[in-house]
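A.B. asks: Need coordinates for the following:
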Amino acid sequence: MKLLPSLAAGFTGAVALTILHETVRHLRPHDAPRMDVLGERGLRKLLGLADAPQPDESTAYVATMAGDILSNGLYYTLVGSGKHSLRRGVLLGAAAGVGGVLLPGPLGLGEAPSNRTPQTQAMTVAWYTLGGLVAGAVAQALRRGK
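C.D. replies: Numbering: from 1, shown residues only. Prediction:
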């Protein structure tokens, strides 16, 4: 795995995912996944455990968006730059989406943001899969471009 193409692909997938989340949550407020809410809850929970001061709403949102892009970008970097990057992107993305539906409740972050309706669940899985697909496609394009 070559590091720079993998990072470029991973972060492109993460940015695509974040743009999709943020756009659709404004267009479909009743059933769009609210991964931003889960991220803010996680941030506040971690800061509370560390007895650190809680940020205001705007600062928490910006920190959550940066954290989402960083963590998803590093995760999608696992797509790599090899021959099967597209397939790995789809599989990693689908796994992240399923985790996004199943894990928030047991982690104490609440279920509604990603599990509110069947449409919310489907969008969560589909969007993370799309992020992985974008990462895989970019990795494949970078590999072919050399």
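A.B. asks: buried ones in stretch 74-84?
C.D. replies: Buried residues in stretch 74-84, defined by neighbour count with 16 or more other CB atoms under 10 Å: 75-81. Any C-beta I mention is one placed from the backbone N, CA and C, and that applies to glycine too.
A.B. asks: ok, now stretch 135-146?
C.D. replies: Residues 135-140, 142-143 are the ones in stretch 135-146 that count as buried (16+ other CB under 10 Å).
A.B. asks: quick one: contacts of that stretch?
C.D. replies: Around stretch 135-146, the neighbours that count as contacts under CB atoms under 8 Å, 6 or more residues apart in numbering are 5-6, 8-10, 12-14, 76-77, 79-83, 85-90, 92-93.
A.B. asks: again, 7 Å this time
C.D. replies: In this structure, residues lying in contact with stretch 135-146 by CB atoms under 7 Å, 6 or more residues apart in numbering are 5-6, 8-10, 12-13, 76, 79-81, 85-86, 88-90.
A.B. asks: give me the element the closest residue to Ala94 other than its chain neighbours is part of.
C.D. replies: What sits nearest to Ala94 in space, not counting adjacent residues and going by CB to CB, 6 or more residues apart in numbering, is Thr129, at 4.7 Å. Using DSSP states H and E, Thr129 falls within helix 118-144.
A.B. asks: From the chain's centroid, how far away is that helix?
C.D. replies: Relative to its chain's centre, helix 118-144 lies at 10 Å (CA atoms, centre = their mean, to the nearest Å).
A.B. asks: so where's the chain uncertain?
C.D. replies: Filtered on pLDDT under 70, the chain yields the residue ranges 1, 146.
A.B. asks: Filter the contacts of stretch 135-146 down to the buried ones and hand me the ChimeraX line.
C.D. replies: Entered in ChimeraX, the line below selects the buried ones among the contacts of stretch 135-146, by 16+ other CB under 10 Å:
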select :5,6,8,9,10,12,13,76,79,80,81,85,86,88,89,90
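A.B. asks: In helices, which of the contacts of stretch 135-146 appear?
C.D. replies: 5-6, 8-10, 12-13, 76, 85-86, 88-90 (DSSP state H).
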